[in-house]
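K.L.:
Requesting a structural model of the entry that follows:
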Amino acid sequence: MRIVYHPSVAKAANSQHTATLGRRPNNYKSASSIMRRGTFGRGARGGGRGDYYKNKFGGGGRGRGGTSPRPGDSTPSGSASIPQAYDPNAPRPIGDNGGTHKDFIDLLRSLDQKQYPAYRDIESCTKGWINDMEGYKLFIGRAQSDPYAKPTRCRVIVANETAKFPPVSYQNKVRSVALGDYLNRMFFQCCKQMGADVGAGMDGQGSWSGPKGGDIEISKPTQHVIEQSAVRVLQNGDVCAQFTINLPARGRSILGHKAVQIFDQTLPQLIQKALIYEALDSNAVTRHVLNVEDQEWIRANLEIRGLVAFVPDGAILPRKSGADDQPMEDTPESKVILYVLVLICRNMGKTLAGIGIRKGITLIVGGGFHGKSTLLSALQVGMYNKIPGDGREFCVCSPNAVKIRAEDGRNVSEVNISPFISNLPFGKGTECFSTKDSSGSTSQATNIMEALEMGAKTLLIDEDTCASNFMVRDDKMMSLVHKDKEPITPFLYKAKTLSKQGISIILVAGSCGDFFDIADTTLLMDCYSCHDVTVRAKQIAAANAANAGALAKFKAPFGSVTPRCPVGEAFKPNNKVSVRSKSVIAYGDVELDLSGLEQLVSREQTNSISLALQRLATLAPGSKATIFQILTHLNEILDREGLDALTSGQFDGSLARPRVFEIAAAINRLRVDGSFVQLR
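P.N.:
Coordinates of the predicted model:
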């Protein structure tokens, strides 16, 4: 049970916790004089049995039934203290010291050689350490419990009067995100150049008693320009940067003078080099911001022109490797042989000629290694803006496009897959289908139904990652296996009815020509050159009018999508959540595999997804709101409050905004019982 703390007492206790600089309480004892080795092990949350915390908080310490209220106790102000049950999972309150930069530096010097937990004296969640000379304010979150714990989160607010970025560079949401992205890249680059990201003992050669920490780290940028929490430009022009500092130590003793060097020299230099307009290349800043806005403008024009994607001539689509998203060197540019669309960028005046992929069913065909899947891979991240020079900057796609694939073994909970699969052996139904170990066909059917449930308007499909029996069945197989014995209705027979309901499909098909009959547009990739061969494909289809593809045009309606409601209680992780990689989240007692979500482009997005999952218990306290309604509401919160809404007051700079489709996909894949009920 989590105790609800009374705010008035929390405020009083916080004021007791914060010692005025230079005026310690008479009964104050230094951490080094009273803390014993082992009192605070790795991951300790503070509090405990020593005189240090008795002096700071009063009473008998945490969980000892002391007579003085802890910060946040629910005892009304002025009344007698009532011992409360202590929740060991609740994090301790963050300190709120503060003052001038000189006060801060003096405090760091006074902490030299004291035990590591004494670093908590520098915490400042709202007051901040004000550096008037450099024009910024520093906030420090919950100090790490020991040198091996996760580093300490920090926030710097650089005043507009100091940063001096032109208002035109952040006048709307798109430009503000683009400018924040550029500054994040500059901060990351300066950290590398100055060696600030390398701390003592990071080479693995140091001993336990040797120096450790001292490194400054900020989220590593990707090729994509996405709303993130590392560096933001606020509406008033202030620059907010959030990063981590591994507080330096030798053994478990504070290296105060090393900390002074970090906060008095290294950090101010980083701010001056990376976050001040006068120190940056103004032309590069302008080019970055306007280029990103032009990409967004082209994407916004797709719907107006009846398109779902645009591929410009000269785009560089291949990547260095599966683990490196940078453009491949010495690769031929993609060419569009027949220009069907010419766009002029609004800001930069650049003329773009290329092919606009119209709504409906589009096939991408061609020989192996000629660029079919490479083109689709570019389109599947075409809802994100790119940095200048990426090669895919103006290869854009509808923001509500979802990549579909088979995922053997994925979890499925209460999904109606009957439009594709029915009449299972032994009378098992598929209108409310659940399994912990789905097959290729059931997983692909589920992925389509879940995407439609969340409002997807474009499906991106590559036959290389599909279940072949789900996509098509030829005449010979249908002659041998009667339809009454085949539960699967191939995608070929449902695609046209989906298209008539406003769902566009872009499909890479290299082995089956039956799709020619239902395709509205057919593109041929030849040595990374794109040819429109729609007329020829229709001629071939007409010459073979008796095949399965011709029959697919006359199939019955698609079927229905059944809304589902998450059960919030099922998503409580019991405070055991960690993001292990971009594709793996340890959530409670299960491991959430996101490797099938090909449109996730950064670990920072996965961090945000893990936090969104934890909010489900409050966003969906019952089981009456659908997953679409819940995530639409969450999206509105993020639009209004930004990513800080996921970690209020925690100075988390490791977040990037995911789409609702990826959040929903993570929810759907979590292996917990009773996670969904269908809306009846």
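
K.L.:
So which residues make contact with the strand or helix carrying residue 241?
P.N.:
Using DSSP states H and E, the secondary-structure element containing residue 241 is strand 239-245. With contact meaning CB atoms under 8 Å, 6 or more residues apart in numbering, strand 239-245 is reached by 150-158, 163, 165, 183, 187, 214-218, 229-234, 262, 267, 271, 275, 651-653. C-beta here means a position set from N, CA and C on the backbone, and glycine is covered the same way.

K.L.:
Now do the end-to-end distance for stretch 225-232.
P.N.:
12 Å (CA to CA, to the nearest Å).

K.L.:
what's the offset of that stretch from the middle of its chain?
P.N.:
10 Å (CA atoms, centre = their mean, to the nearest Å).

K.L.:
residues contacting residue 288?
P.N.:
178, 179, 181, 182, 387, 388.

K.L.:
if we go to 6 Å?
P.N.:
Taking CB atoms under 6 Å, 6 or more residues apart in numbering, we find residue 288 in contact with residue 182.

K.L.:
Can you show me the CA trace of the helix or strand harbouring it as CSV?
P.N.:
Secondary structure assignment for residue 288, by DSSP H and E: helix 282-304. C-alpha atoms of helix 282-304 as CSV (Å, rounded to 0.1, in the frame of the first residue of the first chain):
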residue,chain,number,x,y,z
SER,A,282,24.3,30.2,-37.6
ASN,A,283,24.0,28.9,-41.1
ALA,A,284,24.0,25.3,-40.0
VAL,A,285,21.4,26.0,-37.4
THR,A,286,19.1,27.7,-40.0
ARG,A,287,19.7,24.9,-42.5
HIS,A,288,18.8,22.2,-40.0
VAL,A,289,15.6,23.9,-38.8
LEU,A,290,14.3,24.8,-42.2
ASN,A,291,15.2,21.4,-43.8
VAL,A,292,13.2,19.6,-41.1
GLU,A,293,10.3,21.9,-41.5
ASP,A,294,10.3,21.4,-45.3
GLN,A,295,10.1,17.6,-44.7
GLU,A,296,7.1,18.1,-42.4
TRP,A,297,5.5,20.3,-45.0
ILE,A,298,5.8,17.7,-47.8
ARG,A,299,4.4,15.0,-45.5
ALA,A,300,1.5,17.3,-44.6
ASN,A,301,0.7,17.7,-48.3
LEU,A,302,0.4,14.0,-49.0
GLU,A,303,-3.2,13.8,-47.8
ILE,A,304,-4.2,16.9,-49.8
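
K.L.:
burial measure for residue 572, as a count.
P.N.:
For residue 572, the tally of surrounding residues (other CB atoms under 10 Å) stands at 13.

K.L.:
From residue 634, how far out is it?
P.N.:
17 Å (CB to CB, to the nearest Å).

K.L.:
got it, and residue 675?
P.N.:
17 Å.

K.L.:
try residue 561
P.N.:
21 Å.

K.L.:
Residue ranges in the stretch 151-300 of the chain under the pLDDT threshold?
P.N.:
Segments of the stretch 151-300 of the chain classed as low confidence (criterion: pLDDT under 70) are 201-209.

K.L.:
quick one: furthest residue from the center of this protein?
P.N.:
residue 543 (48.9 Å; CA atoms, centre = their mean).

K.L.:
any low-confidence regions in this protein?
P.N.:
Scanning the chain for pLDDT under 70 picks out 1-91, 201-209, 337-340, 545-556.

K.L.:
ok, the residue nearest to the spatial centre of it - contacts?
P.N.:
In the chain, the centroid-proximal residue (CA atoms, centre = their mean) is residue 605; its distance is 1.0 Å. Applying CB under 6 Å, 6+ apart, we find residue 605 in contact with 656, 658.

K.L.:
how about the host helix or strand of it: buried residues?
P.N.:
Using DSSP H and E, residue 605 maps to helix 603-619. By 16 or more other CB atoms under 10 Å, the buried positions in helix 603-619 come out as 603-617, 619.

K.L.:
same check, this time on stretch 655-673
P.N.:
655-672.

K.L.:
quick one: residue 462 and residue 509 touch, right?
P.N.:
No - using CB atoms under 6 Å, residue 462 makes no contact with residue 509, being 9.0 Å away.

K.L.:
Which residue ranges of the stretch 251-400 of the chain form helices?
P.N.:
Assigned by DSSP state H, counting those that start in this stretch, the helices in the stretch 251-400 of the chain fall at 256-261, 267-274, 282-304, 372-380.

K.L.:
Quick check: which of the ones you listed is nearest to residue 223?
P.N.:
helix 372-380 (11.3 Å; CB to CB).

K.L.:
okay, now residue 321: neighbour count?
P.N.:
Neighbour tally, residue 321, other CB under 10 Å: 9.

K.L.:
Equivalent analysis for residue 583, please.
P.N.:
Each residue near residue 583 was counted by other CB under 10 Å, and the total is 16.

K.L.:
residue contacts, it?
P.N.:
Residue 583 makes contact with 594, 595 under the criterion CB under 6 Å, 6+ apart.

K.L.:
Compute the distance between it and residue 563, please.
P.N.:
Using CB to CB, we find residue 583 at a distance of 28 Å from residue 563.

K.L.:
just residue 284 next, same as before
P.N.:
From residue 284 across to residue 563, the span is 47 Å (CB to CB).

K.L.:
Equivalent analysis for residue 402, please.
P.N.:
17 Å.

K.L.:
Look at those two and report which has more neighbours.
P.N.:
Neighbours were counted for residue 402 and for residue 563 using other CB under 10 Å; residue 402 has more, 28 against 15.

K.L.:
Assumed that one was part of a strand.
P.N.:
Yes - counting by DSSP: H, G, I helix; E, B strand; the rest coil, residue 402 is found in a strand.
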